[in-house]
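Visitor: need a structure here:
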Amino acid sequence: MKIAVFKETRQGENRVALSPQVCASLQKMGFEVWVEKDAGISAHFTNEMYEQAGAVLKSSSEILNADIFVQINVPKIEQIQSIPDGKTWISSLYFRTNPEVIEAFSKKNISAVSLDAIPRISRAQSMDILSSQANLAGYRAVIEGAYHLDKIFPMLMTAAGTVTPSKVLIFGVGVAGLQAIATAKRLGAVVEATDVRPETKEQVQSLGGKFIEVKGVEVGSEGGYAKEASEEYRKAQREAVNKSLAQADLVITTALVPGRKAPILIDDEQLALMKTGAVLIDMAAEQGGNCTQTKMGEIIHVNGVKLVGSVNLPSALSANASELFARNIWELLKLMGPKGEMTFDMNDEIVQGCLISHQGKTLHTA
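Guide: I've put the predicted structure just below:
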């Protein structure tokens, strides 16, 4: 079967779904790999690199003759309509918030695989794009914070006196949060973190951070994600973190709820507690933001605090992000197309979770 990778059209997107190395691996599995010309340029993968890996370069119209299509971002309706009926599509789809996209796939009898819906189970870890990309995003968020902050992270002892280390506060101890903790510590900051899941305390401490506990109220996790917190928990969390929030130089928020608006972690009252010159990196800006004043893709100042509404942080690390994304797809295809032919085992937990449209039917809805 012919598997094709599109050039991403989303503004500011520098990643590509398949790297030259993975293209070579897919051919060994039995696939013929087509790549849209210049698809990997922004990730520093040249057309020549793909050709050397055995891939065939195609124009945007020629590539439509493939059997399987892979992409990073959610496709536009017009793009779906250009694909012949009965094909297979693999990308992030976020089906809970894009029902019209899933409906378009069903109408064209296209088997649509949503990479963001892969179950967060041990067997699927190597296929998990949310983890691979969030890992890089957590790192990049700290680097962005260091850039915007008007002071250095580590303690510095000089003849003129001692510079105290920056204080970093991280909301959310998932993959992104853990990487942010590790990166900030490596840069010499004093790091604190909070999460609705009390079991993350040990992970924070293992990285050298201090865990801010919310005592008396627990939330826990479900399906690999933190459950949505109750109003009782949010109130208790505010009380627990406000002292640290007032002292923090850099705050990074990472909390997301799959398929829904991001929860508010820092309201207007808390924002007023933050000191002048502090920086807040809101990693959830694309889903509404964890701070009430965040504006997606913008940098604004509120009461002397710089709010950064981060967008697509992995794209800023396009080479690494593309390599990891491509490996995630490769691992998935080992399950669904081990001999170069797509097969969907409907009894497999991973297939059940991420196959959203198949044989003209929508298998998952919001």
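
Visitor: what ranges does the stretch 1-150 of the chain have for its strands?
Guide: 2-5, 32-36, 56-58, 68-70, 88-91, 111-114 (DSSP state E, counting those that start in this stretch).

Visitor: got it, and the stretch 151-300 of the chain?
Guide: Under DSSP E, counting those that start in this stretch, the stretch 151-300 of the chain gives strands at 156-158, 161-163, 167-171, 190-194, 210-211, 221-222, 225-226, 250-253, 279-282, 299-302.

Visitor: pop the domain breakdown of this structure in here.
Guide: 2-127+318-362, 149-311 (automatic domain parsing).

Visitor: those domains into a markdown table, with extra columns for distance to residue 135 and mean pLDDT?
Guide: Any C-beta I mention is one placed from the backbone N, CA and C, and that applies to glycine too. Formatted as a markdown table, the domains of the chain follow (distance: least, CB to CB, whole Å; pLDDT from 0 to 100):
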| stretch | distance to residue 135 | mean pLDDT |
| --- | --- | --- |
| domain 2-127+318-362 | 8 | 96 |
| domain 149-311 | 5 | 91 |
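
Visitor: out of those domains, which comes closest to residue 139?
Guide: Across the domains of the chain, residue 139 has its closest neighbour in domain 149-311 (5.0 Å, CB to CB).

Visitor: show the end-to-end separation of the closest one, please.
Guide: 18 Å (CA to CA, to the nearest Å).

Visitor: quick one on the thing from earlier: now mean neighbour count too, for the strands of the stretch 1-150 of the chain, in a markdown table please.
Guide: Below are the strands of the stretch 1-150 of the chain laid out as a markdown table (neighbours: other CB atoms under 10 Å):
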| stretch | mean neighbour count |
| --- | --- |
| strand 2-5 | 25 |
| strand 32-36 | 23 |
| strand 56-58 | 17 |
| strand 68-70 | 25 |
| strand 88-91 | 23 |
| strand 111-114 | 25 |
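
Visitor: check the spacing between residue 120 and residue 43 real quick.
Guide: According to CB to CB, to the nearest Å, residue 120 stands 26 Å off from residue 43.

Visitor: is it true that residue 184 touches residue 191?
Guide: Yes - in this structure residue 184 lies within contact range of residue 191 using CB atoms under 8 Å: 4.9 Å.

Visitor: so these two - more neighbours on which side?
Guide: residue 184 (32 against 28; other CB atoms under 10 Å).

Visitor: now that one: how far from residue 48?
Guide: With CB to CB as the criterion, residue 184 and residue 48 are 39 Å apart.

Visitor: try residue 54
Guide: 12 Å.

Visitor: and those two? Which one has more around it.
Guide: Counted by other CB under 10 Å, residue 54 and residue 48 do not tie: residue 54 has more neighbours, with 14 against 10.

Visitor: residue contacts, the closest residue to the more buried one other than its chain neighbours?
Guide: Using CB to CB, 6 or more residues apart in numbering and skipping the chain neighbours, the partner closest in space to residue 54 is residue 27 (5.1 Å). Contact partners of residue 27, counting by CB atoms under 8 Å, 6 or more residues apart in numbering, are 33, 53-55.

Visitor: tell me the two of these that are most distant?
Guide: Maximum pairwise distance in those, criterion CB to CB, is 8.0 Å, between 33 and 53.

Visitor: residue 120 and residue 43: which has the busier surroundings?
Guide: Between residue 120 and residue 43, counted using other CB under 10 Å, the more crowded position is residue 43 (24 against 15).

Visitor: returning to what we had before: out of the contacts of residue 27, who's nearest residue 154?
Guide: For those, the nearest to residue 154 is residue 53 (41.7 Å; CB to CB).

Visitor: and the closest one, how many neighbours does it have?
Guide: Using other CB under 10 Å: residue 53 sits among 20 other residues.

Visitor: how close does it get to residue 322?
Guide: 14 Å.

Visitor: try residue 26
Guide: Counting by CB to CB, the separation of residue 26 from residue 322 is 15 Å.

Visitor: what residues does residue 195 make contact with?
Guide: Counting by CB under 8 Å, 6+ apart, residue 195 touches 171-174, 177, 204, 211, 226.

Visitor: state the distance from residue 328 to residue 358.
Guide: For residue 328, the distance to residue 358 - CB to CB - is 21 Å.

Visitor: correction: residue 29
Guide: 22 Å.

Visitor: could you do residue 332 as well?
Guide: 15 Å.

Visitor: the two: which has the busier surroundings?
Guide: Neighbour comparison, residue 332 and residue 358: the larger count goes to residue 332, with 23 against 19 (by other CB under 10 Å).

Visitor: let's verify the more buried one: helix, strand, or coil?
Guide: With DSSP: H, G, I helix; E, B strand; the rest coil as the basis, residue 332 sits in helix.

Visitor: can you get me a residue count around the nearest residue to it once chain neighbours are set aside?
Guide: Nearest residue to residue 332, sequence neighbours excluded (CB to CB, 6+ apart): residue 127, at 4.5 Å. Counted with other CB under 10 Å, residues neighbouring residue 127 total 23.

Visitor: in contact with residue 127, which residues?
Guide: Contacts for residue 127 were tallied using CB under 8 Å, 6+ apart; they are 115, 118, 328-329, 331-332, 335, 350.
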